[in-house]
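**Q** using only what follows, build the 3D model:
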Amino acid sequence: MIGLASSQSDGQRQMDKPCLSGRRKSRLMACALVCSALLLASGCTRLGGPPTGVVAVPLSSTEILLKWAPLPGEFEIMRKEGVNGKYLLVGRTGKRATTHLNAGLKPRTTYYFQVRACDKTGCSGYSQEVSAETR
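**A** Next up, the predicted model:
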């Protein structure tokens, strides 16, 4: 929680002002750092939150199509092979994309995916994990 500073003048309390009392510049910088840390820790950016409505659709023995609800920003796609695999960044999309084709996959293999939105303020948290098995 970001602290509020208040001061009293002539016995009257002034309105609470976040981070503006005392040494204005240093307090403002400190608040900016705290706000940035809280923002990163929460996984939220001005994008809102992680992508929603993520679905993985098997198209063939080597392709799975990912779909998600529209958000501003670009997207990063993480994929792992099998339940014990390790997530790797496998793709980035352009702004406002709502799909990503994963090609060159192994037949009859289950893949797991997560998606996150990114813009110049940072990246959202990852979407819920979804999976699909190639045919």
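**Q** residues in contact with S131?
**A** A56, T110, Y111, Y112, F113 (CB atoms under 8 Å, 6 or more residues apart in numbering). C-beta: built from backbone N, CA, C; applies to glycine.
**Q** could you do L65 as well?
**A** L65 neighbours (CB under 8 Å, 6+ apart): A56, V57, L59, T99, H100, L101, N102.
**Q** among the residues you listed, which ones are buried?
**A** A56, H100, N102 (16 or more other CB atoms under 10 Å).
**Q** I'd like those laid out as JSON lines, including secondary structure.
**A** Output for these, formatted as JSON lines (DSSP: H, G, I helix; E, B strand; the rest coil):
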{"residue": "A56", "secondary structure": "strand"}
{"residue": "H100", "secondary structure": "strand"}
{"residue": "N102", "secondary structure": "strand"}
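**Q** out of those residues, flag the one nearest to F75.
**A** H100 (7.1 Å; CB to CB).
**Q** so what's the closest residue to the closest one other than its chain neighbours up against?
**A** Nearest non-adjacent residue to H100, counting by CB to CB, 6 or more residues apart in numbering: L66, 4.6 Å away. Neighbour list for L66: V54, V55, A56, V57, I77, T99, H100, L101, N102, F113, V115, V130 [criterion: CB under 8 Å, 6+ apart].
**Q** biggest strand in the chain by residues?
**A** strand 110-119 (DSSP state E).
**Q** show me the contact partners of the helix or strand R79 falls within.
**A** R79 is part of strand 74-81, with elements assigned from DSSP states H and E. Here strand 74-81 makes contact (CB under 8 Å, 6+ apart) with 51, 66, 68, 86-95, 97, 100, 102, 106, 109-119, 123, 126.
**Q** same check, this time on stretch 93-106
**A** 59, 61-75, 77, 79, 81, 90-91, 111, 113, 115, 134.
**Q** avg pLDDT for it?
**A** Averaged across stretch 93-106, the pLDDT comes to 96.
**Q** so where do the helices sit in this structure?
**A** With DSSP state H as the criterion, the chain has helices at 24-42.
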